[in-house]
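Undergrad: Fold the following and give me the result.
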Amino acid sequence: LQRFVIGFFFASAGVQTVILIASLFGTEVLHLETGALITTIILIQFVGIIGAQLFAYLSGRIGNMRALLVAAALWAVICFLAFLVQTEMQFYLLGSSLGLVLGGIQALARSTFAKMLPDGGEHVTYFSFFDIAEKLATVMGMLGVGWIIETTGDMRISALLLSVFFVIAVVVWFPIQFRQSKQIRER
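TA: Presented below is the predicted three-dimensional model:
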């Protein structure tokens, strides 16, 4: 459970920071107009519906933890691609990709966490800690992005930091899937 929460902390730092700075990235880095940002937000919402269904299906086929690893790895790639994006069309494609994984990683993280909780007991306490970890991760993500922008003067580079957060989450979470598989085989 501890290892899962550590991975969740880094994934949340990435997800929540992207949610908070995506439109600023579009205006400051790509100089997009308000209409383009609104179009991207709407696109993310519609593609998000498909993404939620896709990750629900994937979770049923390969399990929550593996689906979560796929989602975090895709997030790492998307954040890296944000570093490379140059045009409005590329921003739309990036937004669509983000929509595919946005709801998936959040829903999978919560449901996987719930499955890892001990039987019985006060689960409200665990979920309160989970929510606090998410809030602290948001602060860390924003501080990291702010530091990079202040240090380099280039917001684009902050996308690489966000990608690193997801890579850390994958590395921390990866052994969990093997422990779960071993426990299932032993039953």
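Undergrad: measure residue 26 to residue 159 for me?
TA: As defined by C-beta to C-beta, to the nearest Å, residue 26 lies at a distance of 12 Å from residue 159. Where you see a C-beta, it was placed from the backbone N, CA and C, and this is true even at glycine.
Undergrad: Give me the below-cutoff pLDDT ranges for this structure.
TA: Scanning the chain for pLDDT under 70 picks out 177-187.
Undergrad: For residue 26 and residue 159, indicate the residue with more neighbours.
TA: The neighbour comparison of residue 26 against residue 159 (other C-beta atoms under 10 Å) goes to residue 159, with 25 against 22.
Undergrad: hang on, isn't the more buried one packed against residue 77?
TA: No. Between residue 159 and residue 77 there is no contact under C-beta atoms under 8 Å: 11.2 Å.
Undergrad: Is residue 86 within a helix or a strand, and which one?
TA: Under the criterion DSSP states H and E, no helix or strand holds residue 86.
Undergrad: Likewise for residue 120?
TA: In the assignment (DSSP H and E), residue 120 maps to no helix and no strand.
Undergrad: Look up phi and psi at it.
TA: With angles defined as degrees, to the nearest 10, residue 120 sits at phi 70, psi -170.
Undergrad: Leaving aside the residues adjacent along the chain, what's closest to residue 116?
TA: Taking C-beta to C-beta, 6 or more residues apart in numbering, and ignoring the residues beside it in sequence, residue 116 has residue 1 as its nearest neighbour in space, at 5.1 Å.
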